[in-house]
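K.L.:
Have a look at this prediction, sequence included:
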Protein chains: 2
Amino acid sequence: MNPSNTTFSCNAFGPTGSGGESLIPSLIARCAQLAMLLEVSASPKPGNVDREHNYPDTCFEHFVASSVAVYPVLELAARSTEKIGSLLRNAVYESSAWQRGGNTHFGAFLLLIPLAMAAGEFSRDQQEQRQQKEQTCCEKVGFRLEAGDFEGLVSRAYAFVRATDCEDAVEFYRAFGHVGVRVNSVDEFDLKDPESTADLRSQDITLYALMEIARDYDLIANEWTTGFVRCLEGAKSILEFMQARNCEAEALTGGSVPTCSGTGINEAVVYTFLKLLSKHRDTFIQTKFDIETADYVSFRAGEILSGWETSGKTAQDFASILPQIQEFDSELLVKKINPGSTADIIIAGLFIALLGGLRF
Amino acid sequence: MNPSNTTFSCNAFGPTGSGGESLIPSLIARCAQLAMLLEVSASPKPGNVDREHNYPDTCFEHFVASSVAVYPVLELAARSTEKIGSLLRNAVYESSAWQRGGNTHFGAFLLLIPLAMAAGEFSRDQQEQRQQKEQTCCEKVGFRLEAGDFEGLVSRAYAFVRATDCEDAVEFYRAFGHVGVRVNSVDEFDLKDPESTADLRSQDITLYALMEIARDYDLIANEWTTGFVRCLEGAKSILEFMQARNCEAEALTGGSVPTCSGTGINEAVVYTFLKLLSKHRDTFIQTKFDIETADYVSFRAGEILSGWETSGKTAQDFASILPQIQEFDSELLVKKINPGSTADIIIAGLFIALLGGLRF
């Protein structure tokens, strides 16, 4: 199996529903839901809420409910080419209406919304190209995203975020006001100051401009302003892990891949989480604690992974370092150090991988 | 908090989307998704897949992916008043297209589809009544299901299943053919015999008639033919547990309910699972093993619960019997005894409870 090469189509219905509307936005929204659910389920994911660990005020089930809640906003995003701020605010409102655990996915929505818009636009262009080639037989194919299309996807998302306007910035502040997100305020426009939106309007500050100011101390803002490069890195890491694991399994079983001895997806997410954490300082930790703490967490993540990687261990054997990861998890949970920004990047990476045909 | 009395509305968008279409079917479909996700997450759920236990060929993540996959079919069900068989087949196809773990939710779909149709019809009638009363101010309320409406909901679902026709029966056989569901065949119409659909057509057998034949040895067929009484029992049990737990918490904290010390929803599902299992023989076990095994499992479930119930323990203290439940879980997992039909009833119960405003 080559997970990055699997055709991705609307199997049950074909690309249009009973009313003739496109079902591809639904498919995109479901990939985003599944990305959020696989991320929060993955365990042990050091320091964060997962299927086996709750935080005092925010539990596993709050993340599950939020992932379900946001469906209509993500479907709308896949049909949209503007109004990221309004979509973000609606996503935050919908998430809050379905669970009482507070902020669960603010950072994830900031990444998923432009990526869902990009996927929607990509699918419409793909459909149009097919029609121009008069390949009417292919109309039923639905949506297909090859690994080679990933760069194109994130560059479309990058174009959408650069096109944000001042109204998007105002909506971002409204969304922020609805949940107590822990972020480093942009100094000039304090997120807790009700006067800020007036300042934004008078100076015509766009949401992208706000992200540019925050890029050095916020991983999500950095993704917006560098073209979602770490989301892409996450997607590739997840797909490569799954591919390596399945190749190993095929070699071991002489060709027939066991459908499940665990799906491997949990390990793929845990591995990618540690890898990204080791390479990029988590700014959520930096904001909640300090740079030194964030750097220590990255160092520990790298230490655990490097022992396994340099000894040439295989994806299949990843389970052998789980005890060390569990120990690291316990340490971070006790200290209440949760790498929240890295989790958001993982969600976006899973979303891209699922659009690319990741199945298990 | 009275969870059965919470207003249930489309918070972010109001009842209609940007295109003017009703968003209530989306809300109904999301309640069904969340019901499936909360059920499979609940742990320890003796013998079944949960967040901590996989079966060799079917893992937790397969259930998660299937719950996400089926969204468009459930949304369509909430807009429909017929074609249960076709909806079922589409649900099964969609579930299979998103995961490789085989059958995950066949029984659950058989319950959720007519219940989603009933909820959709109920919401349309509610909207119409409001308009007749010229309560235009209430148009934004969306959908509200009170505990007193539950009986009405299941009787609507009952009417839908009684109205099924022969084409629904044929579609049911097609859906069955797509996944290897473990069921007791209706003797006259062997589910594995390709000639059966021709026989169904020549004798004009409806899907409801098939369920009537199977009702004595299949819990789901029994729900269809008795008006979803155990689904209702499940919903009430979950809501009562949550209500008792929250009242206790309020008494302990002098009025302020902690938003999370665990949400309680996991315990509510585990408790209701054991309660239903103790009262009603699980027909999935009966089919896979025999009546004696199914009866033994019910006896053990009752034994664990009765000790706790008769000693007057509170919902808050439910955690004290978790070790006994874990032991029971291990026993069933080793013997590969999985009470699959009871899990389906729990999903339907959670769905009704969520429609009734259950939040956590």
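P.N.:
Alright, I've got the coordinates.
K.L.:
Number of residues surrounding the spatially closest residue to A:Arg30 that is not a sequence neighbour?
P.N.:
Once flanking residues are discounted, A:Arg30 sits nearest to B:Val68: 5.1 Å by Cβ to Cβ, 6 or more residues apart in numbering or on different chains. From N, CA and C alone the C-beta is placed, and that goes for glycine too. Close neighbours of B:Val68, defined as other Cβ atoms under 10 Å in any protein chain shown, add up to 29.
K.L.:
Does B:Val68 touch A:Ala32 like I think?
P.N.:
No: in this structure, B:Val68 is not within contact of A:Ala32 by Cβ atoms under 8 Å, at 9.5 Å.
K.L.:
what about stretch A:341-349, near chain B?
P.N.:
No: on the criterion Cβ under 8 Å from any Cβ of the partner chain, stretch A:341-349 is out of touch with chain B, staying 13.7 Å away.
K.L.:
Can you tell me what sits against that stretch?
P.N.:
With contact meaning Cβ atoms under 8 Å, 6 or more residues apart in numbering or on different chains, stretch A:341-349 is reached by A:35-36, A:39, A:42, A:45, A:48, A:105, A:107-108, A:110-112, A:115, A:218-220, A:223, A:228, A:230-238, A:269, A:272-273, A:276-277, A:280, A:282-285.
K.L.:
Looking at those, which are in strands?
P.N.:
Using DSSP state E, no member of the contacts of stretch A:341-349 falls within strands.
K.L.:
Just the buried residues from those residues, in ChimeraX please.
P.N.:
To isolate the buried ones among the contacts of stretch A:341-349 in ChimeraX, judged by 16 or more other Cβ atoms under 10 Å in any protein chain shown, type:
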select /A:35,36,39,42,45,48,105,107,108,110,111,112,115,218,219,220,223,228,230,231,232,233,234,235,236,237,238,269,272,273,276,277,280,282,283,284,285
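K.L.:
List the ones among the contacts of stretch A:341-349 that fall in helices.
P.N.:
The helices, defined by DSSP state H, take in A:35-36, A:39, A:107-108, A:110-112, A:115, A:219-220, A:223, A:230-238, A:269, A:272-273, A:276-277, A:283-285 from the contacts of stretch A:341-349.
K.L.:
Which single residue of the stretch 51-200 of chain A approaches chain B most closely?
P.N.:
Going by Cβ to the nearest Cβ, chain B is nearest to A:Ala97 of the stretch 51-200 of chain A, at 3.7 Å.
K.L.:
Can you name the helix or strand that that residue falls in?
P.N.:
According to DSSP states H and E, A:Ala97 maps onto helix A:84-98.
K.L.:
what about that helix, distance to the chain center?
P.N.:
Chain-centre distance of helix A:84-98: 16 Å, with Cα atoms, centre = their mean, to the nearest Å.
K.L.:
what's in contact with that helix?
P.N.:
With Cβ under 8 Å, 6+ apart as the contact definition, helix A:84-98 has outside contacts at A:65-66, A:68-70, A:72-74, A:76-77, A:80, A:102, A:104-106, A:109-110, A:113-114, A:117, A:160-161, A:164, A:167-172, A:174-175, A:178-179, A:207, B:11-13, B:30, B:34, B:359.
K.L.:
please redo it, this time with the cut-off set to 6 Å
P.N.:
Residues outside helix A:84-98 that contact it (Cβ atoms under 6 Å, 6 or more residues apart in numbering or on different chains) are A:65-66, A:69-70, A:73, A:77, A:105, A:109, A:113, A:164, A:168, A:171-172, A:174-175, A:178-179, A:207, B:11-12.
K.L.:
Stretch A:276-289 too?
P.N.:
Stretch A:276-289 is contacted from outside by A:182, A:184, A:217-219, A:234, A:293-294, A:297-298, A:301-302, A:305, A:337, A:339-342, A:345, using Cβ under 6 Å, 6+ apart.
K.L.:
if I look at the residue nearest to A:Gly107 when sequence neighbours are not counted, how far off is A:Leu219?
P.N.:
Among residues not flanking A:Gly107 along the chain, A:Asp344 sits closest, at 3.6 Å (Cβ to Cβ, 6+ apart). For A:Asp344, the distance to A:Leu219 equals 7 Å [Cβ to Cβ, to the nearest Å].
K.L.:
My guess is A:Val64 contacts B:Ala35. True?
P.N.:
No: under the criterion of Cβ atoms under 6 Å, A:Val64 is not in contact with B:Ala35, lying 11.1 Å apart.
K.L.:
How about the contacts made by A:Val297?
P.N.:
Taking Cβ under 6 Å, 6+ apart as the criterion, A:Val297 is in contact with A:Ile285.
K.L.:
Which positions in whichever strand or helix holds it come out as buried?
P.N.:
Using DSSP H and E, the element containing A:Val297 is helix A:291-310. Within helix A:291-310, the residues that count as buried by 16+ other Cβ under 10 Å are A:Thr293, A:Ala294, A:Val297, A:Ser298, A:Arg300, A:Ala301, A:Gly302, A:Ile304, A:Leu305, A:Trp308.
K.L.:
Distance from the chain centre to that helix, please.
P.N.:
22 Å.
K.L.:
Spell out which residues of chain A are next to chain B.
P.N.:
Counting by Cβ under 6 Å from any Cβ of the partner chain, the residues of chain A close to chain B are A:11-12, A:26, A:30, A:33-34, A:37, A:51, A:57, A:59, A:61, A:64-65, A:68, A:71-72, A:90, A:93-94, A:97, A:100-101, A:259-260, A:263, A:265.
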